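Trainee: using only what follows, build the 3D model:
(chains A and B)
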There are 2 protein chains.
Amino acid sequence: MPRVSQDHLDARRRQILDGARSCFARHGYEGATVRRLEEATGLSRGAIFHHFRDKESLFLALAEDDVLRMTEVVAEQGLVQVMRDLLAVPPGNGDSPADWLGTRLEVSRRLRTDPEFRARWAERSEQLTVATRNRLLRQREAGNLRDDIDVTVLTAFLELVLEGLVSHMAMGLPAENLGPVLDLVEESVRRHRRGG
Amino acid sequence: MPRVSQDHLDARRRQILDGARSCFARHGYEGATVRRLEEATGLSRGAIFHHFRDKESLFLALAEDDVLRMTEVVAEQGLVQVMRDLLAVPPGNGDSPADWLGTRLEVSRRLRTDPEFRARWAERSEQLTVATRNRLLRQREAGNLRDDIDVTVLTAFLELVLEGLVSHMAMGLPAENLGPVLDLVEESVRRHRRGG
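Mentor: Residues are numbered from 1 along each chain as shown, chains lettered A, B, ... in the order given. The predicted model follows:
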C-alpha cells in the first residue's frame, strides 16, 4: 500500500463528501446507489469505502458536516440567519443550501422511519440546540434578547420554525414570501418590538 | 338492489371513514391494504368501494374531513388552538389528534413525493389558509391583533409553525415542553406583549 500524506487523505475525503452530497440531494438516500456515488465523486467504490465504512457512515458524515456548518452560522449570526440562507438559494453555487436542504430532508425522512438512526442522530442534533441556546444567552447578556421568556423556550421556538421551513420547502411550496415571516420570528425573540 | 335511506348511507360512510382513519394512521397509506381496511371498518371491500371509488378517494375524503374540522376550530379559536389540541392528545379518545396527526403526516409525505397529489391537495389546503386569514381579520377588527404587520404575513407565520409542529411530532421528538412555545407564538401575533 502506498504511503499517502494526511493532506491527500483530507482532500480525498472532501472530494467524496462533495460528490456524495449532490448525489444524495438528487436521488435521496435509497436512490444514491454505489454506482451513482462513483459517478458523482469520480472515484471507485474501493476508494470511497476506504474512507467511509458504508453508505450509512458516509451519509452521517455529510449530515454532521452540515450541522457543523450550521452551528458556525448560528454562533456568528443566529438560527434565523440559517433560515434566511435556506430561502436565498444562490443560483449555480455548488455549496448551495439546495444541497444542504436535500441532506436535511433525508435526515428528517429517516428520523421518521428509522428508530436506530433516530438514536444515532440525537447527539448531533443536540449540538445545534446547544449552539442556538448559547447564541441566545450571549444576545441576552448584550441586552438584545427579551428577558421575560426562558431561553429554553426561545430556543425551542426557533427550532420549531426551522423545522416548519424545511418541511415547507420539502413540499415544494412557495417560499419567496417568507422573508417577512422570518423578520417576525426574529423580532419575537428580541427585546424591543419595532413599530408596534 | 335494496333501497336504503340517506341516513343509513351517511352512517355507513362515517363508519368507513372512522375505521379507515385509524388504519391509515397505524399502517400509513401504502400499508393500509384492502384487507386491513376491511378489518378496521368491519365491512367488506364491496361495501367500502361502493362508497369510495378507490383507496386514494377514501384517503382524500378523510383528509378533507380533517381540514373541515380544523377550519371549524380555526374559525372559533384560531390556528394556535389547533396546535394546542395536537399537543394535548387525550388518552383513549377515539377521535384523538393522534389519528388526525397520522392522516396529516401521510398528507405531508405524499405532498413531498407525488406531484399529482400535490395539485389535488392545493385546493383543500387553501381552505385552511382562508379560514386562518379570516379569523385573524376578525381578531384585528376586534382590536386583538397587532396592526403593524400584514395579515398575510401573520397567516404564513402561523402555518409555518403548524408545519414545524407536525414535523416535530412526526419525528417522535418530545412535545410536552412546547406549550410555552405556543404561548409565545400566540403572543407574537397579538396587539400587546404581555410582560415584556
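Trainee: please, which helix or strand holds the spatially most central residue of chain A?
Mentor: Taking CA atoms, centre = their mean as the criterion, A:Asp66 is the residue nearest the geometric centre of chain A, at 4.2 Å. For A:Asp66, the host element (DSSP states H and E) is helix A:55-77.
Trainee: repeat that for A:Glu159.
Mentor: With DSSP H and E as criterion, A:Glu159 is part of helix A:151-170.
Trainee: does that helix reach chain B?
Mentor: Yes. Applying CB under 8 Å from any CB of the partner chain, one finds helix A:151-170 touching chain B at A:152-154, A:156-157, A:160-168, A:170. (C-beta placed from N, C-alpha, C; glycine too.)
Trainee: quick check: the residue of chain A nearest chain B.
Mentor: As assessed by CB to the nearest CB, chain B sits closest to A:Gly164 within chain A, at 2.9 Å.
Trainee: next, the contact list for that residue, please.
Mentor: Contacts for A:Gly164 were tallied using CB atoms under 8 Å, 6 or more residues apart in numbering or on different chains; they are B:Leu160, B:Val161, B:Leu162, B:Glu163, B:Gly164, B:Leu165, B:Ser167.
Trainee: one more time with 7 Å
Mentor: A:Gly164 makes contacts with B:Leu160, B:Val161, B:Glu163, B:Gly164, B:Ser167, as judged by CB atoms under 7 Å, 6 or more residues apart in numbering or on different chains.
Trainee: next one: A:Phe49
Mentor: With CB under 7 Å, 6+ apart, A:Phe49 has no contacts at all.
Trainee: now A:Thr129
Mentor: If you count contacts by CB under 7 Å, 6+ apart, then A:Thr129 has A:Thr155, A:Glu159 around it.
Trainee: again, 10 Å this time
Mentor: The contact partners of A:Thr129, taken as CB atoms under 10 Å, 6 or more residues apart in numbering or on different chains, are A:Thr71, A:Val74, A:Leu79, A:Thr152, A:Thr155, A:Ala156, A:Leu158, A:Glu159.
Trainee: the inter-axis angle of the strand or helix carrying it versus helix A:151-170?
Mentor: Assessed by DSSP H and E, A:Thr129 sits inside helix A:115-141. Calculated by axes from the mean of the first three to the mean of the last three CA atoms, to 10 degrees, helix A:115-141 forms an angle of 120 degrees with helix A:151-170.
Trainee: buried residues in helix A:115-141?
Mentor: By neighbour count on 16 or more other CB atoms under 10 Å in any protein chain shown, the buried set for helix A:115-141 is A:117-118, A:121, A:124-125, A:128-129, A:131-133, A:135-136, A:139-140.
Trainee: and the angle for the helix holding A:Asp66 with helix A:115-141?
Mentor: Using the same axes, to 10 degrees: helix A:55-77 against helix A:115-141 is 10 degrees.
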